[in-house]
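In: Turn this into a model:
(one chain, ligands or ions: 1)
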Amino acid sequence: MANAPHGGFDGGAVAYDGTVEKEINLNIALRLQKMLQFCGAEVIMTRTEDTATDTRSDETVARRKKSDLQNRLGLMEQYADAVYVSIHLNKFTTGAASGAQVFYTPNFPEAARLGQCIQDSFVASLQPENTRVIKEGTKSTYLLKNAKVPAVIVECGFLSNRQELERLKSDDYQAKLSFVILQGILKYREQE
Ligand SMILES: [Zn+2]
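Out: Below you'll find the model as predicted:
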């Protein structure tokens, strides 16, 4: 299951130049969907357009956000044998931080393995200098805390790093990110 977080009313993180996280997340997720399907996997997308998954648009933003997350969790309940890969972009207060990092749910031991496979794939294929380690999702990460299937959040890079931002905006680099995540998922499936 591929999750492009945010969408519609919820743009996610915003870079200094106005680049919005939700659009890049979706591009990467859509490419990943095609690649996974090409490899014979069945893919469930939480969204394929610029819309959030909340059900009531007349609510406050906080309630819509909650509803959006609950609906994404609901999808997990429907597909109990899936793994859940959520594609985000990071943002930090200084411009120095860069590189991908995977977070995993503590609810399933396989999630750490999936996270490690994806992190390893980043280092092997795209970011040899990346020394980040996978981390258990904190309690504030609603989806990871409540995950009903092995779930990971892939933070693909930092919108707050100007060089990385330029890469993240390019089609070519987005395709590479999708491919790296694909490799990680395939590796995880191979190990099963
Ligand atoms: Zn995000």
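
In: C-alpha from now on. contacts and neighbour counts both.
Out: Will do.

In: Now find how far off-centre stretch 118-132 is within its chain.
Out: 16 Å (Cα atoms, centre = their mean, to the nearest Å).

In: Residues touching the top helix by length along the chain, excluding its own?
Out: Longest helix of the chain, by residue count under DSSP state H: helix 171-191. Defining contact as Cα atoms under 8 Å, 6 or more residues apart in numbering, one finds that helix 171-191 is touched by 24, 27-29, 31-32, 35-36, 113-114, 117-122, 125-126, 156, 167-168.

In: Tell me where this protein has strands.
Out: Counting by DSSP state E, residue ranges of the strands within the chain are 2-3, 84-90, 101-104, 135-136, 151-158.

In: ok, the residue of the chain most remote from its centre - contacts?
Out: Centroid-distance maximum for the chain: residue 58 at 27.2 Å, with Cα atoms, centre = their mean. By Cα under 8 Å, 6+ apart, the contact set of residue 58 is empty.

In: same thing but 10 Å
Out: The contact partners of residue 58, by Cα atoms under 10 Å, 6 or more residues apart in numbering, come to residue 64.

In: So for it, what pLDDT did the model give?
Out: Note on residue 58: pLDDT of 86.

In: Kindly report the same for residue 192.
Out: 80.

In: Tell me how many other residues crowd it.
Out: Using other Cα atoms under 10 Å, residue 192 has 6 neighbouring residues.

In: which ones are touching it?
Out: Residue 192 neighbours (Cα under 10 Å, 6+ apart): residue 110.

In: Residue 42 too?
Out: 1, 33, 36, 82.

In: Report the separation between the third one and residue 45.
Out: When you say that, I think you mean residue 36. 12 Å (Cα to Cα, to the nearest Å).

In: Tally up the residues packed near residue 97, please.
Out: So residue 97, with other Cα under 10 Å, has 16 neighbours.

In: Would you confirm that residue 154 contacts residue 117?
Out: No: taking contacts as Cα atoms under 10 Å, residue 154 lies outside contact range of residue 117: 11.4 Å.

In: that older thread, highest average neighbour count across the strands of the chain?
Out: strand 101-104 (a mean of 27; mean count of other Cα atoms under 10 Å).
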